[in-house]
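Engineer: okay, sequence plus prediction incoming.
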2 protein chains.
Amino acid sequence: MKYADRVRRVVPSAIRDLLRHGADPRIISFGGGYPDPALFPMAELRAVYDELLAGNPLSLQYCPSDGLPELREHVAKRLAADGIDRGADDVLIIQGAQQGLDLAGKLVLNPGDTVVTENPTFLGALIAFNPFEPDYAPVRTDESGMDTDDLARVLAGSPRARLLYTVPEFQNPTGVTMSLERRRRLIELANEYDLLVVEDTPYRALRYDGEHLPTLKSLDTEGRVVHLGSFSKILAPGMRLGWAVADGDVLEKLGLLKLAADTQCSTLNMAAVSLYLDRYDIDAHIVTMRDAYRHKRDLMLGILDDAFPGTVRHTTPQGGLFTWLTFPSGFDTVAFMRDVALPEARVAYVPGTTFFPTEPEHNHARLNFSGLPDDRINDGLTRLAAHLR
Amino acid sequence: MKYADRVRRVVPSAIRDLLRHGADPRIISFGGGYPDPALFPMAELRAVYDELLAGNPLSLQYCPSDGLPELREHVAKRLAADGIDRGADDVLIIQGAQQGLDLAGKLVLNPGDTVVTENPTFLGALIAFNPFEPDYAPVRTDESGMDTDDLARVLAGSPRARLLYTVPEFQNPTGVTMSLERRRRLIELANEYDLLVVEDTPYRALRYDGEHLPTLKSLDTEGRVVHLGSFSKILAPGMRLGWAVADGDVLEKLGLLKLAADTQCSTLNMAAVSLYLDRYDIDAHIVTMRDAYRHKRDLMLGILDDAFPGTVRHTTPQGGLFTWLTFPSGFDTVAFMRDVALPEARVAYVPGTTFFPTEPEHNHARLNFSGLPDDRINDGLTRLAAHLR
């Protein structure tokens, strides 16, 4: 079979095999990016599905491809409260924020165009963009997010830069948050270099401390930002619902690409989330989640500080699901996982190499703190620390 | 904003505006491709969602991107009973069969490659393939489906033919079914010309009379057929669940493209369909649907025969959701809909032009018989007939 050229870039991740071991129940895995299922509002969702399925069968019929109007309305209201002044017509319901990455890549990338990202960046974004055969220009990233001085330098040397991808809050994999000053500067540079900015905010509502910052979309002066969000981390991932907000022609074209890709999201799930938002207080639910995850974050960072060798550094995320470890230069987290962490400590994490778009660094690991009970966090990190010392 | 080259081909259908009138309740619309919501098994689905949401929260968590294993197992068993001898590992769960079109196009089409289709063909397939910038080579199609003599001629003149798209049963828009002899010949030609065959079977289980024919996948000798199916027409479209069956490397790459596109389908909906298949007899449900749709088909064809001018021909579908009208040469179904059908008869249909990949014919219309109550079928066709005479 002859494949399209784009398929050259579609290959299984080497890390995937290693992470399969995470399914072994004897292994404590910090590898996922999963919310805690114990926090899903099961009773409330049970009630809304029951109400829908007891009623009008149209919740199981086709519906408009841009999404169920009442859910678009809910999303628009929540975004307006967050400083994004748009209406329901400016919201597209998508199959999780991940679909927004596919659609945005489809929208602007020709083979050989450049995608600018944080370094390191979200693996799912690389997987989504790869079929469009881009080059990547990673930008230095620190505790204040993407370094916009380095961004200016990178853009000056990237004549084919077309798309800038960023997770401004509690970034995946590092957990860091972009400062307000850098957000403003990023928008200036996007305007200057005619970029489409893809702002991915799956963790935005999960802030545990620090100051709530404006979205890039709220700072967007030329309609260049595609703002992506998701119900996966604030309600449940298993309904596969997210949103894209964009302006004018960009929005219209994303809608046409959504129609082409899969017709629409699940009518039933859209109706259920909309009814959930009618009937219940999601913000109160989010407060509960925040409290639970803040506790888990503090538990994890505490053990890292107390039990891990002083040479292992970690980020201090103000929200989200992850912290990022940096081991001494020369330490190889892939080899350590294969030779020690999995077979001896029976602990998994995601080695950092996989998150670097161009030149992998080998001395990092991503740890998730949201998906595990306290005792597993405790046991897993204690075992890992023992084998590191 | 500079868009990717592929976006040149992503444009709203002119027909879409015309069909918006179908939402006006005074208009009787034969334009949709919707199953009858009165036939959705609401009580059974209510029971399975309730059972799931009363139990383990993992039905709302992430799950493997290829699909929930128990649903893949169910689909594989149903396909084995239909002559496709594959296991659960050969099944990929997708966001309706429509997503299979996007993934198959992504897999093999470079810009300028040729997609071979029935003439006319499913509009959703053209919409899915267009972003990959193909040329189209339509093949003469009659009451026995795609004419394989014409296919041989088309392929001999299409050096860049890469993908053959077909709806072998009760085709959309014409309702015709490909004969067994042509199916066999199609596979020979696909082997000879190294094509990927995309077999789209959303209506396959909805056969009202005539002989059940083998799928192209069951006749596939070189692993060239991607078989697509869907729960949309046999259960409900609002869950957005379909499947792709393929072999070896094609299957693996489609799975990677699915992961890139949207991570996975809804865990909850997959769990619900799987539990529905555990608890209930879907084949008995399909018999009920068949009886209902056969009745609607007979009602529609009866009125077309009795009340329409003898110069208007129709196909006689043995299943599915549609019949296809051919008006005398020179009759323009777009103009008639705009000037007479909508404003005077208050009836909508889909003008045939939109289904032709290259050279539109203006004297056809697609009528759906599955989505309307009997009295609306009666009233709508009677009004249309009165204005045609």
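Structural biologist: Sure thing, it's come through.

Engineer: residues of the stretch 51-200 of chain A that sit close to chain B?
Structural biologist: Where the stretch 51-200 of chain A comes near chain B, counting by C-beta under 8 Å from any C-beta of the partner chain, the residues are A:53-54, A:57-63, A:94-96, A:98-99, A:102, A:106-110, A:113, A:124, A:127-128, A:130-132, A:162, A:194, A:196. The way it works is simple: take the backbone N, C-alpha and C, and place the C-beta from them, glycine included.

Engineer: can you give me phi and psi for A:V197?
Structural biologist: With angles defined as degrees, to the nearest 10, A:V197 sits at phi -100, psi 120.

Engineer: quick check: it vs chain B, distance?
Structural biologist: Separation of A:V197 from chain B (C-beta to the nearest C-beta, to the nearest Å) stands at 11 Å.

Engineer: which residues touch that residue?
Structural biologist: A:163-164, A:166, A:186-187, A:190, A:216, A:220, A:224-226 (C-beta atoms under 8 Å, 6 or more residues apart in numbering or on different chains).

Engineer: chain A: strands as residue ranges?
Structural biologist: Counting by DSSP state E, chain A has strands at residues A:28-29, A:91-94, A:114-119, A:135-142, A:145-146, A:161-166, A:196-200, A:225-230, A:242-245, A:313-314, A:322-326, A:347-348, A:350-351, A:364-368.

Engineer: any weak-confidence spans in chain A?
Structural biologist: For chain A, the stretches flagged by pLDDT under 70 are A:14-15, A:18-19, A:21-23.

Engineer: point to the residue nearest the middle of it.
Structural biologist: A:P202 (5.0 Å; C-alpha atoms, centre = their mean).

Engineer: ramachandran angles for it?
Structural biologist: Phi and psi for A:P202, reported as degrees, to the nearest 10, are phi -60, psi -30.

Engineer: which of the residues of the stretch 51-200 of chain A next to chain B fall in helices?
Structural biologist: Counting by DSSP state H, those place A:53, A:96, A:98-99, A:102, A:106-108, A:124, A:127-128 in helices.

Engineer: returning to what we had before: out of the residues of the stretch 51-200 of chain A next to chain B, which are buried?
Structural biologist: The neighbour count (16 or more other C-beta atoms under 10 Å in any protein chain shown) marks A:53, A:57, A:59-63, A:94-96, A:98-99, A:102, A:106-110, A:113, A:124, A:127-128, A:130-132, A:162, A:196 as buried among these.

Engineer: residues in contact with A:D85?
Structural biologist: Counted by C-beta under 8 Å, 6+ apart, A:D85 has contacts A:S218.

Engineer: measure it to A:K217 for me?
Structural biologist: 9 Å (C-beta to C-beta, to the nearest Å).

Engineer: ok, now A:L254?
Structural biologist: From A:L254 across to A:K217, the span is 14 Å (C-beta to C-beta).

Engineer: which other helices and strands does the longest helix along chain A contact?
Structural biologist: Using DSSP H to define each element, chain A has its longest helix at helix A:282-307. Packing partners of helix A:282-307 (3 or more C-beta pairs under 8 Å, 6 or more residues apart in numbering or on different chains; DSSP states H and E): strand A:322-326, helix A:374-388.

Engineer: which residues does A:A307 contact?
Structural biologist: A:A307 neighbours (C-beta under 8 Å, 6+ apart): A:381-382, A:385.

Engineer: quick one: it from chain B, how far?
Structural biologist: Using C-beta to the nearest C-beta, A:A307 is found at 29 Å from chain B.

Engineer: ok, now A:D85?
Structural biologist: Distance from A:D85 to chain B, by C-beta to the nearest C-beta: 20 Å.

Engineer: look up phi and psi at that residue.
Structural biologist: Per-residue torsions, A:D85: phi -90, psi 80 (degrees, to the nearest 10).

Engineer: now A:V176
Structural biologist: Reported as degrees, to the nearest 10, the phi and psi values for A:V176 are phi -80, psi 160.

Engineer: A:L388 - nearest residue in space that isn't next to it in sequence?
Structural biologist: A:P309 (5.7 Å; C-beta to C-beta, 6 or more residues apart in numbering or on different chains).

Engineer: give the burial count for that neighbour, as a bare number.
Structural biologist: For A:P309, the neighbour count with other C-beta atoms under 10 Å in any protein chain shown is 10.
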